[in-house]
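Asker: just the structure for this:
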Amino acid sequence: MTPVVRKKKPSQKKPSKVKPKAIAKMSPQPNTKVAASSASSLIDQRIEALSGWRGETLAKMRALILEAAPEAIEEVKWGGTPVWSDHGILCTGEAYKAVVKLTFARGASLPDPKALFNSSLEGNTRRALDLREGERVDARAFKSLVKAAVAYNRALKK
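Answerer: Predicted coordinates:
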């Protein structure tokens, strides 16, 4: 018996979407710098590729970061990870299947009176905020955390 091989008809193709792997291919190689406008564009593409609640959440958190730290620079590092910096890394934004994770590079040194950090609590340096579908973050407390990260980084650079 000969196996039947079916070919897809051209009309059966689905419209292509930008996939996360495609974003990674568009990302800079490790240890290379990307112009701020290019990095912002790559972050836009990453958010669009995520779609759904993860894309919406990352977009909202990005807006809060830029409101709290208008001088922050958007970068893309480590194969496509969005990074926000001001005199050093403030935080990274990563999307996983179940969470959008915002990792603060010096989070263990930052005041967190509203206990926003809920992940990576065991380390001595980083702290993270994991947001699951449907969760909301206290915008005022989050912006205070970003401002504290900026102040901490600037104090280190003096």
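Asker: rest of the way, CA atoms for contacts and neighbours
Answerer: OK.
Asker: can you give me the strands for the protein?
Answerer: Here the chain has its strands, by DSSP state E, at 73-77, 81-85, 89-95, 99-104, 127-132.
Asker: mind putting these into CSV with mean pLDDT and distance to residue 139?
Answerer: Formatted as CSV, the strands of the chain follow (pLDDT from 0 to 100; distance: least, Cα to Cα, whole Å):
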stretch, mean pLDDT, distance to residue 139
strand 73-77, 94, 20
strand 81-85, 96, 17
strand 89-95, 97, 16
strand 99-104, 98, 14
strand 127-132, 98, 13
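Asker: pipe those into a markdown table and attach mean neighbour count and distance to residue 38 per row.
Answerer: A markdown table is the format used below for those (neighbours: other Cα atoms under 10 Å; distance: least, Cα to Cα, whole Å):
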| stretch | mean neighbour count | distance to residue 38 |
| --- | --- | --- |
| strand 73-77 | 24 | 9 |
| strand 81-85 | 22 | 12 |
| strand 89-95 | 22 | 17 |
| strand 99-104 | 22 | 21 |
| strand 127-132 | 21 | 26 |
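Asker: count of neighbours near residue 135?
Answerer: Residue 135: 9 surrounding residues under other Cα atoms under 10 Å.
Asker: rebuild the strands of the chain as TSV, extending it with distance to residue 151.
Answerer: Formatted as TSV, the strands of the chain follow (distance: least, Cα to Cα, whole Å):
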stretch	distance to residue 151
strand 73-77	15
strand 81-85	12
strand 89-95	10
strand 99-104	13
strand 127-132	16
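Asker: I'd like to know how far the most centrally placed residue in the chain sits from residue 157.
Answerer: In the chain, the centroid-proximal residue (Cα atoms, centre = their mean) is residue 93; its distance is 1.9 Å. Separation of residue 93 from residue 157 (Cα to Cα, to the nearest Å): 23 Å.
Asker: what does residue 96 give?
Answerer: To residue 157, residue 96 is 33 Å away according to Cα to Cα.
Asker: thinking again about what came up before, the residue nearest to the centre of the chain reaches residue 81, doesn't it?
Answerer: Yes - look at residue 93 against residue 81 with Cα atoms under 8 Å: they come within range, at 6.6 Å.
Asker: before we move on, the earlier item: and the residue nearest to the centre of the chain, what is it in contact with?
Answerer: 58, 81-83, 100-103 (Cα atoms under 8 Å, 6 or more residues apart in numbering).
Asker: how near is it to residue 155?
Answerer: Counting by Cα to Cα, the gap from residue 93 to residue 155 is 23 Å.
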